[in-house]
Each structure stands twice: as structure tokens, then as C-alpha cells.
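Enquirer: Predicted model and sequence follow; I will ask about them next.
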Amino acid sequence: MIAVKSVDMSGDDDLSEINKEIEALADGEICPQLVQYYGSGTVGRHLLLSMELMHGSLDKLKPLSEAAVAVCMREAIIGLTFLWTKYKKFHRDLKAANILYSLRGEVKLADFGCVRSLMGSTARMAQTYVGSPYWMAPEIIKNKPYNQMVDVWSLGITAMELITGKVPHSRLVPTLAMAASLEKPEPRLGTQYSANARNFVEKCLQKDPSKRKTIQGLFEMTYIKNAGRLDGWLPSKAFKAGNENKKSSSKSKSKNKNFGGKAKGGGIMFGEDLKQEKERKKYQYTAYRRSRPEIDDI
């Protein structure tokens, strides 16, 4: 199966640039920790994204055990590393809702609407005010130039979100939450959590970007190095939620729609199998586009 997601871009004047970013992701190298995109088009001011179908987002599973979060953080770090080094982009909107999972235990970064290029004259620093308030790095809130280290801050907030079930300052409205991020000390996990998990969060959540752990440094931390297998972290509620979603899917008015044939099963795909699956689904989306003449190319 594939998913076709409709995104209302009425308030965005740069629809063509966003489409180019998505097409670059669709045509680029394959990373098992990034949701695969197969193509895009528009209907009016709606951007249609053909993408890999996943089971759900991590925000529906929180809180998770520290061990489960370690697996998710490891996969997110691998995805970010690929995004930074291969695509030369950073995410800028990392949070549990934008990390998807499958019932095979795969964990993948998604929703690249805020992705920013690291190429060209803005390779080192960006200044656009984007992201989700509760996960937003202090330098973005201050409207200062920033780089990919904003993703490290968001990763730390996401780790706290998944472990505790909520983000820091969640009781505050977004504007007050952003002010609290600047005025109060960096968020920390309580002493009821393990030293390894607390240390991981602390290294991510430093107001000074230069003091945050590098992505490679995070990968080498004990909390991440001890993370378990992909096929062993999912809680039972993930499967229960999946059954409930299947029962209600026919009645859903969601903007996400599924098209096409059967997904390739039998475990997680890598290498040539993954490439062949990607090509098959891109062909599948092309056939869908031909059946919808109202969808325009940009």
C-alpha cells in the first residue's frame, strides 16, 4: 500500500519550492529511517504527496518505556544523519507526531514540510521562523541565525515527550511556552529515570547550540549504544491501536488516503529489495496520477 496525503498550502507562497524539496527526497538515495516519498502534485493550493504507508505516529503510543525510546532515538539519529549528510537538509520540525512506526518495528522520520537545505549561500545558518513551539530551539525563538543543531534540541524534547508522555511547558499556551523556554533553565528528566536517559536529554538540551552533543556524539552515548532490536520495542497498545484504526478507516474523513496493491512483507527491506519496492510504488503513483487529470504538475 501507499499513502497519498493532501496538504493545504493556501497560506504558503512558495509551493513550487516545497514541491522541489519533496521531489528531491523522492529521487534521492534510500534511507530505511526516512519515510519514502514517491511523487507529488497539486490540486489548486493543495499539495498531494505520495508516500510510504506507515502504521501510525509515536505520539499515539506515548508514554513509552526508556528502552523503547532508546530504539526510537537511535533510528531518529540515523535518519537525521542521512538527512544532513546525504540530502544536505535539516528537519526543523522534529517531534513524536512526525516520527512514524510500522508493526514490524520500523521507525522513520516524516513530514518534511519544514525541511531546510544546507546547500548554497545559506549552508551554515538559516533565519526562517518555523517549527512547532514546544519543540522549538531557543535560537529560533530568538529569531537568530541557526543551523542543523536545532534538530538536536528538538530530539531531546521528543525524548522527554516519549518518556514522560508530555512536552515541557505543556500546560502553557504556545507563546508562553516559548517564553518559558528562554527564561527558565533547560528541561531535564527527573531522578526517577535512569542516568543514561537523563544524560542523553541533557546533552541535547543546551541553550547554547555549540554545547549540544553532535549527532555522532549522541549515537555513541551509552543510552543509544544499548538500544535494542527493531522487532522488540513495540508495546502491545500499538497493535491494539492498529486494530481500532482498521475498524474505523472506512468511516474516516482523514485527508490521508490509501491506494494501490499489497505492501511487500516478510521483514524490513534493505538494499535492492527496498529500491525495487520504491520503484514499484512510484509506478503505482504514476498510474494513480493518470486517473486524476485534475492533479497538476508544478
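Expert: Cool, the structure landed. Residues are numbered from 1 along each chain as shown.
Enquirer: pLDDT below threshold where in this structure?
Expert: Applying pLDDT under 70 to the chain flags residues 11-28, 112-131, 241-298.
Enquirer: all helices for it, in order.
Expert: 15-27, 66-85, 138-141, 149-164, 174-183, 195-204, 215-219, 222-225, 236-248, 271-290 (DSSP state H).
Enquirer: thinking residue 196 is in contact with residue 203, fair?
Expert: No - between residue 196 and residue 203 there is no contact under Cβ atoms under 8 Å: 11.0 Å. All C-beta atoms are positioned from the backbone trio N, CA, C, and that covers glycine.
Enquirer: Which segments of the chain make up each domain?
Expert: Split into domains by automatic domain parsing, the chain comes to 2-53+260-290, 56-232.
Enquirer: got a markdown table for the ones you listed, with mean neighbour count too?
Expert: Shown next, in a markdown table, are the domains of the chain (neighbours: other Cβ atoms under 10 Å):
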| stretch | mean neighbour count |
| --- | --- |
| domain 2-53+260-290 | 16 |
| domain 56-232 | 18 |
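Enquirer: Output the ones you listed as TSV; include the columns distance to residue 238.
Expert: TSV is the format used below for the domains of the chain (distance: least, Cβ to Cβ, whole Å):
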stretch	distance to residue 238
domain 2-53+260-290	16
domain 56-232	6
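Enquirer: Point out the one among those that comes closest to residue 240.
Expert: domain 56-232 (10.5 Å; Cβ to Cβ).
Enquirer: Quote the end-to-end distance of that closest one.
Expert: End-to-end span of domain 56-232 (Cα to Cα, to the nearest Å): 17 Å.
Enquirer: bridging residues for the nearest residue to residue 8 once chain neighbours are set aside?
Expert: Once flanking residues are discounted, residue 8 sits nearest to residue 46: 5.8 Å by Cβ to Cβ, 6 or more residues apart in numbering. Beta bridges link residue 46 to residue 8, residue 43 when assigned by DSSP bridges.
Enquirer: which residues does the spatially closest residue to residue 36 that is not a sequence neighbour contact?
Expert: Using Cβ to Cβ, 6+ apart and skipping residues adjacent in sequence, the residue nearest residue 36 is residue 52, 4.2 Å away. For residue 52, the contact set (Cβ atoms under 8 Å, 6 or more residues apart in numbering) comprises 2-3, 35-38, 108, 281.
Enquirer: between those residues, which is nearest residue 223?
Expert: residue 108 (20.3 Å).
Enquirer: ok, the residue nearest to the closest one when sequence neighbours are not counted to residue 146 distance?
Expert: Once flanking residues are discounted, residue 108 sits nearest to residue 35: 4.7 Å by Cβ to Cβ, 6+ apart. Per Cβ to Cβ, to the nearest Å, residue 35 is found 24 Å from residue 146.
Enquirer: Ok, residue 4 next?
Expert: Taking Cβ to Cβ, one finds residue 4 at 33 Å from residue 146.
Enquirer: still on that earlier bit, I am assuming the residue nearest to residue 108 contacts residue 54, so please confirm or correct that.
Expert: Yes - the criterion here is Cβ under 8 Å, and residue 35 meets it with residue 54 at 6.5 Å.
Enquirer: shared neighbours, those two?
Expert: 100, 108, 110.
Enquirer: What sits closest to the last one if chain neighbours are left out?
Expert: Yep, that's residue 110 we're talking about. Here the residue nearest residue 110, using Cβ to Cβ, 6+ apart, is residue 35, at 4.1 Å.
Enquirer: who's in contact with the one you found?
Expert: Here residue 35 is in contact with 51-52, 54, 100, 108-110 (Cβ under 8 Å, 6+ apart).
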